[in-house]
Structures are given as structure tokens and as C-alpha cells.
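**Student:** Fold the following.
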Amino acid sequence: MSHDQKNLRRVVLSSLVGAVIEWYDFFLYGVVAGLVFNKLFFPEFSEGMGTILAFATFAVGFVARPLGGIIFGHFGDKIGRKKMLILTLEIMGVATVLIGLIPSYETIGIWAPILLVVCRLAQGIGLGGEWGGAVLMAFESAPAHKRAFYGSLPQIGLSLGLMLASGVVGLLSLLLSDAAFISWGWRLAFILSAVLVFVGAYIRTSVQETKDFSEAKKDVERIRYPMLEAFRRYPKTLSACVGARFVEGIAFNVFGVFSLTYLTQSCGVDRTVALMAVVAASAVMGCFIPFWGLLADRVGKGRIFGFAALLLGLTAYPVFWVFHNYSANLVLTFLALIVPFGIIYAAAYASMASLFSEAFDATVRYSSISFVYQFSGIFASGLTPMIATILVQANDSQPWYLCGYLAVAGVISAVSTVCIGRLRASGAEPRTGVESEAKSTAATLPQQAA
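**Tutor:** Residues are numbered from 1 along each chain as shown. Now for the predicted structure:
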């Protein structure tokens, strides 16, 4: 095995392990927010309003993510991807452990939700720089004809992180009484992050910087602010990528986060059963992500992502129809979540990393994809659980307004994906600067972006 192959394996492992830890930390908050935080940190409000406020603090993390994306994207483009990934991991881990140590509202009053928001902001800043660096380490280290596949592997961290977060909370919920789980049991899941961070940071110190960044370093030195340079050179592409990511963020938080609240509060499904449904869907997702990555290298990233975007919008109605009418049938409930979340969503998420990375050259790539992913996350992801709760309550606990919202998002993302392909094929926004794969992929760019 060559040195480059060994380094590629280390890069993929470090990106994957780090992504698992980061997503475990971040989505642990989302899993617990609708189950516990409304009771411990907002007890003065009704159950419905407390849930909305708990999800509002969930949204705070998404508001902070663009800031993290800009900060770590800037230094990731200027001094390298590797250093930023170690720092983001440490920030995320410390914030998560501190959340597990915050006293309840009954103990310290208004300071409880204030501290919760501060830690959530730190989580958001850390994750804001994590995603872009993790996928770029794999994407830029891979051969040109396998970049969709290798770029998809860190994406498995999302499914494994969510599975781990849901599984840990589900196990604690199963082993402990409701009173014990709400009082102190949920805190163990957050404190566990300390062990994971040490493991992830150790692995990430062993990888080398990517070839793309090394070759682009001289050009990067002439660019003072990579994000401003990206806005100057790629204004239409940035907008199209933000629109393309719209349904991915909404679908994840509808199926992976809000479904827990809907199944337990509106359908009367046991909390542990609902969590296990998410775990099962996440396990299926982890298996399908590399499959879709391989297929994207063959038929095109844009084709896979665009079709998945449309399907995610269309599946909302049958999924919630099953939840609403057949929640007592566990087989149907599990299948209703596994098909859209474990299979269709996996196609969008697997192809998204390489689709966005290919749209920008290496001199501004970290800043560009971090901005796209994190800025769109404010309204596509962070606000979704709160919007979903409001839409369901406005429809007398019926989910159909929410389904319409997801359907519209699917159309927006599909149209935006077509725009990305046309911009690249037409050369309307030329890719300047150093691009290590430019010559080897120039002939196939229109097909890959289609």
C-alpha cells in the first residue's frame, strides 16, 4: 500500500470519527430538547410553549454556525484544514459537557436558560467549522474519479452520531424511571462527550494536510479574505447552493428531530420506541450513504441530489399519514421513518458534500462550503423544529401544513440544483486559482454537475 493510500485511510478515519463525535454532541441536544429541556429550563410555561422555547434554544446553535463557518473557514483556507478540525472538536466537546452540568430553573432561576443558550452558541460555533473541514479533508485527498465516494464517507458521521445520541438517550430512558431520567439521567449522555473528544483529537493529529491546499497555498497567500473573494467570484453559485441545501436541512430536522416530539406528544408513542425508530433509520442511512456516494461518481452528484430533493418533499405526506393514523402499528411506523430518512435522505446527504465542494476552487473552498452549509442551516435547519411545532398546532395537531412546507422546500432545492449544474457547464462563474483536479476532470464537469 502506497503512502498516499495509507494517508487517505487515516484521513477518512479521522474525518469520520470526528464527525461522529461532533454530530453526537450537536444532535444530542436536539433529541433531548423536546423531551427534557422544556420541563427543566422552561417550567413556567405550558407544555406546548415550553417545547417551542426549547426548540428556540436549539435554533440558537444554527444561528451561531455561520459565524463558526466564517471564522474557521477563513483560517482553514489560510493556514490549513487540519489545525481547524482539532480546534473545532475541542470547542464542541467542552460546550456539550457543560450543558450536562447546568443546574435546572428551579435551582438557579433565569440563569439556567441563559447558560443553556451560551453553551448552545459555543456548540454552534464549533460545528460551524467542523463540517466543511471534515468533508474537504476526504474530498481533497481522494482521486478525482472517486471524490463523491470519499467525500460521502465523513457524512456517515451524521447517521452514526445521531444513532449514538438517540441510542444513549433511549438506553437511559429504558433503564431509568421518568423521574430519574428527567432529573439526572439525561446529563450522563452529555458528560460522556468528554471521553469521545479525547479519542477524536488524538486520531486527528496523525493526518497530513490535503494536496489541494498545499498546491493552492501560494495563491491563498495573495487572498486576504477568502470569503469576500468567494462572494466576488461565485455570487450565483453561492446562492444556488444555499437554495439546494434547503430541503436537506428541513428534512433532517423534521424526520430526525421533530418526529420524536410528534410521535410522543401527538400520537402517544412511547418515548423509547420513538427513539429506537430514529436509531433504526440512522443505521440504514449509514449503510446507504457510501452506496449513493459510489453512484454519484458514476451518474453525477447533481442528478442524485436533485432527485433526492424532490422525493424528500413528496414523501412527507405518506410518512405523516402513517404516523397520524397507524402509530400503534410499530412496523409501519418504523418503515415510514426508515424509507425517507434512512434511504432517500441518505442520497441527498451523500452527494451534497462533493456537489458543493466541486463548485468552488481550493483557494476559497473551505470558506465557501462552510458558509453555504451553515448560513442555510439558520432557516433550513435551526428554525425547522420550532416552525414544525407551530404548523402542527395551527392545524389542530394535524401534520398537513408541515407536509406542504416540506414539499415546497423540495421543489426549491431541486430547481437550485439544476442552476448549479448550468452555472458550471456554462462557465458563467469561471473557476480561477489553483485546482489540483482541474485538468483531470475538465472533460466531465458538465456530466458530474448535471
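**Student:** Mind telling me what element residue 386 is part of?
**Tutor:** helix 384-394 (DSSP states H and E).
**Student:** Check the average confidence over the helix or strand following that helix, would you?
**Tutor:** Remark: after helix 384-394, the chain's next helix or strand is helix 400-426, criterion DSSP H and E. Here helix 400-426 scores 92 as its mean pLDDT.
**Student:** related to what we said a few turns ago, what about the helix holding residue 386, distance to the chain center?
**Tutor:** Taking CA atoms, centre = their mean, to the nearest Å, one finds the center of helix 384-394 at 20 Å from the center of the full chain.
**Student:** Quick check: which ranges of the stretch 301-450 of the chain have low pLDDT?
**Tutor:** Residues of the stretch 301-450 of the chain meeting the criterion pLDDT under 70: 428, 430-450.
**Student:** what does the helix or strand that residue 230 is a member of contact?
**Tutor:** Following DSSP H and E, one finds residue 230 within helix 226-233. Residues from elsewhere that reach helix 226-233 (CB atoms under 8 Å, 6 or more residues apart in numbering): 70, 73-74, 77-78, 220, 223, 238, 360, 363-364, 366-368, 371, 429-430, 432. For every residue, glycine as well, the C-beta is placed using N, CA and C.
**Student:** Report the buried members of these.
**Tutor:** In the contacts of helix 226-233, burial by neighbour count holds for 70, 73-74, 77-78, 220, 223, 238, 360, 363-364, 366-368, 371, 429, counting by 16 or more other CB atoms under 10 Å.
**Student:** Take the residues you listed and keep only those in helices.
**Tutor:** Applying DSSP state H to the buried ones among the contacts of helix 226-233, the entries found in helices are 70, 73, 74, 77, 78, 220, 238, 366, 367, 368, 371.
**Student:** Just put those in JSON lines and tack on distance to residue 179.
**Tutor:** Below are those laid out as JSON lines (distance: CB to CB, whole Å):
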{"residue": "70", "distance to residue 179": "43"}
{"residue": "73", "distance to residue 179": "44"}
{"residue": "74", "distance to residue 179": "47"}
{"residue": "77", "distance to residue 179": "50"}
{"residue": "78", "distance to residue 179": "51"}
{"residue": "220", "distance to residue 179": "55"}
{"residue": "238", "distance to residue 179": "49"}
{"residue": "366", "distance to residue 179": "46"}
{"residue": "367", "distance to residue 179": "48"}
{"residue": "368", "distance to residue 179": "48"}
{"residue": "371", "distance to residue 179": "44"}
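**Student:** Off-centre distance for the strand or helix carrying residue 284?
**Tutor:** Using DSSP H and E, residue 284 sits within helix 271-299. Here helix 271-299 is found 13 Å from its chain centre; the criterion is CA atoms, centre = their mean.
**Student:** Going by neighbour count, which residues in the next helix or strand along the chain from that helix are buried?
**Tutor:** Next along the chain after helix 271-299, taking DSSP H and E as the criterion, comes helix 301-326. For helix 301-326, burial by neighbour count (16+ other CB under 10 Å) applies to 301-317, 319-320, 322-323.
**Student:** For the helix or strand just after helix 301-326, give me every contacting residue.
**Tutor:** Later in the chain than helix 301-326, the nearest helix or strand by DSSP H and E is helix 330-337. By CB under 8 Å, 6+ apart, the surrounding residues in contact with helix 330-337 are 255, 259, 263, 269, 273, 277-278, 280-281, 318-319, 322-323, 326-327.
**Student:** Which one of those is nearest to residue 173?
**Tutor:** residue 273 (10.1 Å; CB to CB).
**Student:** Okay, the residue nearest to the closest one when sequence neighbours are not counted and residue 338: tell me how far apart.
**Tutor:** Spatially, and ignoring its direct neighbours in sequence, residue 273 is nearest to residue 330 (6.6 Å; CB to CB, 6 or more residues apart in numbering). As defined by CB to CB, to the nearest Å, residue 330 lies at a distance of 12 Å from residue 338.
**Student:** shouldn't residue 69 be in contact with residue 132?
**Tutor:** Yes: contact criterion CB atoms under 8 Å: residue 69 and residue 132 qualify, at 6.5 Å.
**Student:** Now do the shared contacts for these two.
**Tutor:** In contact with both residue 69 and residue 132: 367, 370, 373, using CB under 8 Å, 6+ apart.
**Student:** who touches the strand or helix carrying residue 376?
**Tutor:** Per DSSP H and E, residue 376 falls inside helix 365-377. With CB under 8 Å, 6+ apart as the contact definition, helix 365-377 has outside contacts at 62, 65-66, 68-70, 72-74, 76-77, 81, 84, 128-129, 131-133, 135-136, 140, 212, 226-227, 230, 234, 238, 241-243, 245-246, 249, 353, 356-357, 359-360.
**Student:** Just give me how far that helix sits from the chain centre.
**Tutor:** How far helix 365-377 lies from its chain's middle: 12 Å, per CA atoms, centre = their mean.
**Student:** One more: stretch 230-245?
**Tutor:** How far stretch 230-245 lies from its chain's middle: 19 Å, per CA atoms, centre = their mean.
**Student:** Could you give the average pLDDT over that stretch?
**Tutor:** The pLDDT scores in stretch 230-245 average 93.
**Student:** Equivalent analysis for stretch 61-72, please.
**Tutor:** Per-residue pLDDT values across stretch 61-72 average out to 84.
**Student:** Sort out which residues of it are buried, please.
**Tutor:** Neighbour-count burial for stretch 61-72 [16+ other CB under 10 Å]: 61, 62, 63, 64, 65, 66, 68, 69, 70, 71, 72.
**Student:** Contacts for stretch 40-49, please.
**Tutor:** Defining contact as CB under 8 Å, 6+ apart, one finds that stretch 40-49 is touched by 38, 50, 53-54, 57, 104-106, 112-113, 116, 182, 265, 389, 393.
**Student:** Can you pick out the ones from the residues you listed that are in helices?
**Tutor:** Among those, the ones falling in helices (DSSP H) are 38, 50, 53, 54, 57, 105, 106, 112, 113, 116, 389, 393.
**Student:** Residue 332 and residue 253: what is the separation?
**Tutor:** From residue 332 over to residue 253 the distance is 22 Å, taken as CB to CB.
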